[in-house]
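**Q** can't give you the sequence, but here's the structure:
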């Protein structure tokens, strides 16, 4: 990353620099992207081969382990010579992620963009990719999973809210400028003028610069704007004019002090481009990603009972079965879904990533059972359920059909109370076949709500949620709430209490 903040330094894969607006406060930025990991520490990435192609789903975070942050805190305390490191405040640098790209390469440094995605918009800027790959693209991803550089990368196009600095210095012999000023001042006094307009002294200073008596130098950051440079130069000329007029104020002769040394420094807030790319191969050194490649799971359907008709069909008025349209009843952008395979009688269809687009089951009858089998990007056994084809000929799959539960976290009341930010850590402990999970959410303007999909392998939560949270109020007071348990997937936070 191309950052050169004052007093910034690199430590264990983090770039750290002081917050210029607050003492004992530091910003940090991880130098690399990391895969989302499950409770066992395994990357949440799955390459599912289907025929000659494949589907790829992976989740990325711009994050660093808590242990590394704690080590950074101790390092800053050592540099600041602080005995109590708890006095330090660490925060993710104020970045904005404009776009996230999945890139495929040829192994020789040439890359093309396969897909764009949006991050969560707040730390750790999580991003989920669902990709449909042809045979060649599947081979490129497989090469990365086998530890080969240059075949698959993730690029975060981000910007950092920072500032640029420009400094102007004016030095040299001011004798000529002072002489011209003294002459003009005497003439103005004869005309009973009390003082010279500042424009005139600045013109004399410019003449001295052109003649070589005074030297004007600009020292600025590379991305300083033309406007900033012009304003900085005008500021140093104005300060020099004030100084020379002060020399001549109430004087009857040219002052002996003729050596001029004046400087002016201005800053300007700017968005600093901050591209960050990570090769997926760095996550799977020595080919450890081979286990992330799996064939599409086979389906062994449960027997589908068929009730014989109580009366023979009327051959004079034959019934023509209509296709059954199956689609998701909810946005599944962040859901850990690998494949959704459907079967009704002998008819089969698959909802596949990246879009999980609606499909049709041909020849199904109203009231017949539909077998739904869902595999997950986190691996493990598929979840199967059966549901009845509705009369409308359209089946909308809910999270419960897929063995998922959607946890909603609502912190809007904190925003309404003027809170500046909040953080909640949530743990899921399943009762039976679900997958234990844990996640931390950060809230700040304008995002005070979050959704989280859990694998319960049930049509309900089938487990317990535990969470602890903290909020920074409008007056910078930090309020912490201890662990709370709930069996409801809806969590509401407010300043007075937490409502499960």
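**A** The structure has been received and is ready for your questions. As the structure is a prediction and not an experimental result, all values here were calculated from the model. Numbers count the residues shown, from 1 in each chain.

**Q** any low-confidence regions in this structure?
**A** 1-6, 185-199, 249-258, 296-321, 363-367, 497-500 (pLDDT under 70).

**Q** pop the domain breakdown of it in here.
**A** 9-162+272-294, 163-267, 297-303+318-401, 405-499 (automatic domain parsing).

**Q** can those domains go into CSV with extra columns for mean neighbour count?
**A** For glycine as for every other residue, the C-beta is placed from the backbone atoms N, C-alpha and C. Converted to CSV, the domains of the chain look like this (neighbours: other Cβ atoms under 10 Å):
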stretch, mean neighbour count
domain 9-162+272-294, 17
domain 163-267, 16
domain 297-303+318-401, 17
domain 405-499, 16
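
**Q** for the spatially most central residue of the chain, helix, strand, or coil?
**A** Closest to where the C-alpha atoms of the chain average out (Cα atoms, centre = their mean) is residue 125, at 2.5 Å. Classification of residue 125 by DSSP: H, G, I helix; E, B strand; the rest coil places it in coil.

**Q** list the residues that contact it.
**A** Applying Cβ atoms under 8 Å, 6 or more residues apart in numbering, we find residue 125 in contact with 61-62, 95, 97, 119, 156.

**Q** bridging residues for residue 455?
**A** residue 404 (DSSP bridges).

**Q** from residue 338, how far out is it?
**A** 11 Å (Cβ to Cβ, to the nearest Å).

**Q** for residue 183, same thing?
**A** For residue 183 relative to residue 338 (Cβ to Cβ), the value is 87 Å.

**Q** for the helix or strand hosting residue 491, which helices and strands make contact with it?
**A** Using DSSP states H and E, residue 491 maps to strand 490-493. Judged by 3 or more Cβ pairs under 8 Å, 6 or more residues apart in numbering; DSSP states H and E, the packing partners of strand 490-493 are strand 404-410, helix 412-416, strand 421-430, strand 463-472, strand 498-499.

**Q** repeat that for 7 Å
**A** Helices and strands touching strand 490-493, by 3 or more Cβ pairs under 7 Å, 6 or more residues apart in numbering; DSSP states H and E, are strand 404-410.

**Q** how close does the residue lying closest to residue 32 once chain neighbours are set aside get to residue 155?
**A** Of all residues not flanking residue 32 in the chain, residue 278 sits nearest, at 5.1 Å (Cβ to Cβ, 6 or more residues apart in numbering). Using Cβ to Cβ, residue 278 is found at 8 Å from residue 155.

**Q** circling back to that earlier point, next step: the contacts of residue 125 restricted to strands.
**A** 61, 95, 97, 156 (DSSP state E).

**Q** mind listing what the first one touches?
**A** Right, residue 61. Applying Cβ atoms under 7 Å, 6 or more residues apart in numbering, we find residue 61 in contact with 34, 36, 124, 126.

**Q** give the contact list for the second one.
**A** To tie it back to what came earlier, the one meant is residue 36. 44, 59-61, 126.

**Q** same thing with the last one?
**A** Shown here is residue 126, whose contacts under the criterion Cβ under 7 Å, 6+ apart are 36, 59-61, 119-120.

**Q** closest one to residue 343 out of those residues, please.
**A** When those are compared for distance to residue 343 (Cβ to Cβ), residue 59 comes out closest, at 28.8 Å.

**Q** list the contacts of the closest one.
**A** Counted by Cβ under 7 Å, 6+ apart, residue 59 has contacts 35-36, 44, 126, 128.

**Q** can you lay out these as CSV showing secondary structure and distance to residue 136?
**A** Output for the contacts of residue 59, formatted as CSV (DSSP: H, G, I helix; E, B strand; the rest coil; distance: Cβ to Cβ, whole Å):
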residue, secondary structure, distance to residue 136
35, strand, 23
36, coil, 26
44, coil, 25
126, coil, 29
128, strand, 24
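
**Q** export those residues to TSV and tack on distance to residue 482?
**A** Formatted as TSV, the contacts of residue 59 follow (distance: Cβ to Cβ, whole Å):
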residue	distance to residue 482
35	31
36	27
44	29
126	26
128	31
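
**Q** for the helix or strand that residue 139 is a member of, which helices and strands make contact with it?
**A** For residue 139, the element it lies in under DSSP H and E is helix 135-145. Helix 135-145 is packed against strand 45-50, strand 53-61, strand 152-173, with contacts defined by 3+ Cβ pairs under 7 Å, 6+ apart.

**Q** which neighbours do residue 455 and residue 338 share?
**A** residue 376.

**Q** what residues are up against residue 329?
**A** Residue 329 neighbours (Cβ under 7 Å, 6+ apart): 396-398.

**Q** one step back: ok, the contacts of residue 125 vs residue 201, which is closest?
**A** residue 95 (45.1 Å).

**Q** right, and that closest one touches residue 162 too?
**A** No - counting by Cβ atoms under 7 Å, residue 95 does not reach residue 162; the two are 9.8 Å apart.

**Q** longest helix in the chain, please.
**A** helix 226-248 (DSSP state H).

**Q** and the helix or strand just after that helix with helix 135-145, angle?
**A** For helix 226-248, the succeeding helix or strand toward the C-terminus, using DSSP H and E, is strand 259-279. Orientation check (axes from the mean of the first three to the mean of the last three Cα atoms, to 10 degrees): strand 259-279 against helix 135-145 gives 110 degrees.

**Q** run me through the strand neighbours of the helix or strand just after strand 259-279, direction for each.
**A** Using DSSP H and E, the helix or strand that directly follows strand 259-279 along the chain is strand 293-295. Partner strands and pairing direction for strand 293-295 (DSSP bridges) are strand 45-50 (parallel).

**Q** could I get the full set of helices for the stretch 1-150 of the chain?
**A** Taking DSSP state H, counting those that start in this stretch, the helices of the stretch 1-150 of the chain run over residues 66-80, 135-145.

**Q** surely residue 121 touches residue 449?
**A** No - using Cβ under 7 Å as the test, residue 121 is too far from residue 449 to be in contact (11.7 Å).

**Q** circling back: which one among the contacts of residue 126 gets closest to residue 209?
**A** For the contacts of residue 126, the nearest to residue 209 is residue 119 (49.8 Å; Cβ to Cβ).

**Q** where does residue 203 sit, in terms of helix or strand?
**A** helix 199-211.

**Q** that helix packs against which elements?
**A** helix 175-190, strand 214-220, helix 226-248.

**Q** so which of those comes closest to residue 415?
**A** helix 226-248 (35.0 Å).
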